[in-house]
Each structure stands twice: as structure tokens, then as C-alpha cells.
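Enquirer: Quick one: sequence plus predicted model below, questions after.
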Amino acid sequence: METHRMQIGLIGLGRMGGNIARRLIARGRHDVVVYGRNANAVETLGREGATAGSSLKDLVERLAAPRTIWVMLPAGPVTEDHVSELGDLLSGGDTIIDGGNTFWQDDIRRAAELREKGIHYVDVGTSGGVWGLERGYCMMIGGDKAIIDRLDPIFATLAPGIGQIPQTEGRDGRDARVEQGYLHAGPSGAGHFVKMVHNGIEYGLMQAYAEGFDILKNANMDALPERHRFDLNIPDIAEVWRRGSVISSWLLDLTASALAKSEALESYSGFVDDSGEGRWSVNAAIDEAVSADVITAALYARFRSRKDHTFAEKVLSAMRHGFGGHTEPPSPEPVGQSKNHPTSS
Ligand SMILES: O=C(O)[C@H](O)[C@@H](O)[C@H](O)[C@H](O)COP(=O)(O)O
């Protein structure tokens, strides 16, 4: 799609930022000025058509007013420091975009602080991960309409576009940008709020697949009566579900691909990290008194994945021993005691 070319600064050239710069250059032929701590990444992107900035100040000076700077850094203190430093370097009329996974209440605070200096702030929840360069990024955007409209060429270039996905019946007359893969969700913070819930859902979906595959994998365990055992081909099950089943999805595609490479997923320990959005989703659910059972359980399963045995489990064992004389470890593992995460077996 032919879009109006813009100049943009991009800070943070990691897995996401580097590819965002590449897509802006390759697809939109935008003028991208980059800066990141990793000098190699800056140099590489310089060779790929970006203008290399040597510092935050240098990047700002290379941009013509009104400037637009996309910050693509890990959420938390790193992003906070850069936004705050940019707040001192930029002038009224300039715009800071935070495309990371920032907590939406930080957006509301920052937008208000920067507004006092006349600087615009736009929060963009950016989904698509390392595949975004090719597939495009789904973007959930918060901020003032006039600014978001002005930045449209940037969002249009980064978005996947309508592609092969059939149009949804009944959407005639609605915002066409949404079908391209980007949404102006509301005022400051709304973009990251929607992305937070997106990631909460991601946790739940991932956990459901993970548990399902664990049940399938354990269907041949010794503790089951022999006539009830199945020695199932897990990679083939993942593959067949991709084709016309109700639970086909991109997460399943990724799972099938990982299982095809290694049925036992040997290169993974099963330590499942989290970047905050699951926790914030659960907090939001509590604030709204919404029963977010699945998302909460999925978050707790991640916490659980990082422990060998928790103190809570020792307490459980002690009580079971106390009232029933049950001893540990259970060997072979009795039916119904699977550890509830994919690499438990
Ligand atoms: O939509 C996406 O592209 C992903 O969700 C992306 O944003 C990132 O991979 C998450 O931050 C991972 O989140 P956790 O570290 O919490 O699993």
C-alpha cells in the first residue's frame, strides 16, 4: 500500500524495535533515525537504510520538528527513564510513542506530565512479536485523535493489512483502520489497557493448550490401567488440530512447529516467565469484580513453573500425612496429580 512518507526516530533496537525500523524502511520508505545501546544494532540498521543516531540527544537533533519518536524498550524503569529524558530534550508539538508493554496507568501519568510541556504522548500495544517484520503488527493505540490521525502513515505501514482474512459481515461503515490491524482504542492508557487484556487472554489460551498436551502425553502412564492407556503421537495431534478444527490458531501453529522439531521439547526447562500484563489483567479484574478464573489460574501456573516445590506444597503434604497417613513422593504418580504444566512429564 502506498503511504505518505514520514520521518520518525526509533529508540530500542532489540527483537521488536529493530524489526519495526526495518518494516518502516522497507514497506513505507519512511525516514527512520535509530538509536540503541547496542552499537552493532545501530550500525546494522544504518546499513539497511536507517540514519544512525549516536545518542538520544543526537537522535532528537537529527529530526525535524514536529518530531515523532517511537520508544521500543522493555517496559518499566528503562522505558520510564528514556521517556523522561526525551521529555527534557523535546519541544512543544513533538510526540513520544511508547510501543512497549507499559502499564497503562503509567501512560496516563506520563501523558499528563508531558502535556504540560505541550508534548504529545501515544501508547501503542504492539502484538506480533518476532514475526511482525513479515506479518505486520497488530496495534492497540491510546491518545489524542488529532495526533493519532497524523501518525496514520506509520501505523498503516506497520499493520498487517487486510491480507487473506475475510471481512467480518456487518462491519460496513465502521472504522476501516481496524481491518488493517490497528485500533484507536481511546485516550491515553487505553491502548496498553487493551493490550494488557490481550496478553491476559494469551496466558489463558497458552495454558489451555499446555494442559491439553500434558494430558495427552501422560495418557500412557503406568498408573493407568493398561486397557485405558494410549501411546499418542503428540506432534501429529498438534498438526491435525491446525487443519479445520475448532481450536486451530497461531499459538497452536507455533506449538505444532516446536513439537515437530523436538517431541520432548528438550531445549526448554519449563520455567515460564511473565512480563507483567497477566498480573495487571488480574488486578484489573479484581478492581472491576470480574471473575477472571482462567487468566488468574494461568498466571499462577506460571509462578508455579518456577518453583521446584513450594512451601505451600509442603504444607499440603504435611496435612495429607496428618489426616490420611499419605507419604511422599508419590511413585508412580497417581492419576489426577499431574503437575499442570507442559514439561512436568
Ligand atoms: O502480543 C505479543 O506479541 C506478545 O504478547 C508480546 O507482547 C510479548 O511476547 C509478551 O510481552 C510476552 O508476555 P509475557 O512475558 O508476559 O509472557
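Expert: Structure received.

Enquirer: For residue 205, see how far away residue 261 is.
Expert: Distance, residue 261 to residue 205, using Cβ to Cβ, to the nearest Å: 21 Å. C-betas here are computed from N, CA, C, even on glycine.

Enquirer: What is the three-state secondary structure of residue 70?
Expert: Following DSSP: H, G, I helix; E, B strand; the rest coil, residue 70 is assigned to strand.

Enquirer: Might one say that it is in contact with residue 99?
Expert: Yes - Residue 70 lies in contact with residue 99 (Cβ atoms under 8 Å); the separation is 5.5 Å.

Enquirer: I'd like the next helix or strand past the lengthiest helix in the chain.
Expert: The longest helix of the chain (DSSP state H) is helix 190-217. Using DSSP states H and E, the helix or strand that follows helix 190-217 in sequence is helix 234-241.

Enquirer: That following helix: which residues count as buried?
Expert: The neighbour-count check on helix 234-241 (16 or more other Cβ atoms under 10 Å) flags 234-235, 238-239, 241 as buried.

Enquirer: Enumerate every residue touching the residue in the stretch 101-250 of the chain that the ligand sits nearest to.
Expert: Using Cβ to the nearest ligand atom, the closest approach of the stretch 101-250 of the chain to the ligand is made by residue 127 at 3.2 Å. Residue 127 is in contact with 137-140, 195, 198, counting by Cβ atoms under 8 Å, 6 or more residues apart in numbering.

Enquirer: 6 Å instead?
Expert: Residue 127 makes contacts with residue 138, as judged by Cβ atoms under 6 Å, 6 or more residues apart in numbering.

Enquirer: I'd like the numbering to begin with 8 instead of 1 from here.
Expert: Happy to do that; since the first residue is 8 now, the last one works out to residue 134.

Enquirer: for residue 130, helix, strand, or coil?
Expert: Looking at residue 130 with three-state DSSP, the answer is strand.

Enquirer: what's across from it in the sheet?
Expert: residue 105, residue 149 (DSSP bridges).

Enquirer: Pretty sure it sits against residue 148.
Expert: No - assessed by Cβ atoms under 6 Å, residue 130 is found out of contact with residue 148, at 7.2 Å.

Enquirer: shared neighbours of those two, anything?
Expert: residue 198.

Enquirer: Pick out whichever of these two has more residues nearby.
Expert: Neighbour comparison, residue 130 and residue 148: the larger count goes to residue 130, with 30 against 26 (by other Cβ atoms under 10 Å).

Enquirer: for the more buried one, what are its contacts?
Expert: 105, 114, 149, 198-199.

Enquirer: swap in residue 216?
Expert: With Cβ under 6 Å, 6+ apart, residue 216 has these contacts: residue 262.

Enquirer: How about the longest helix of the chain and the ligand, any contact?
Expert: Yes - contact of helix 197-224 with the ligand (Cβ under 6 Å from any ligand atom) involves 206, 209.
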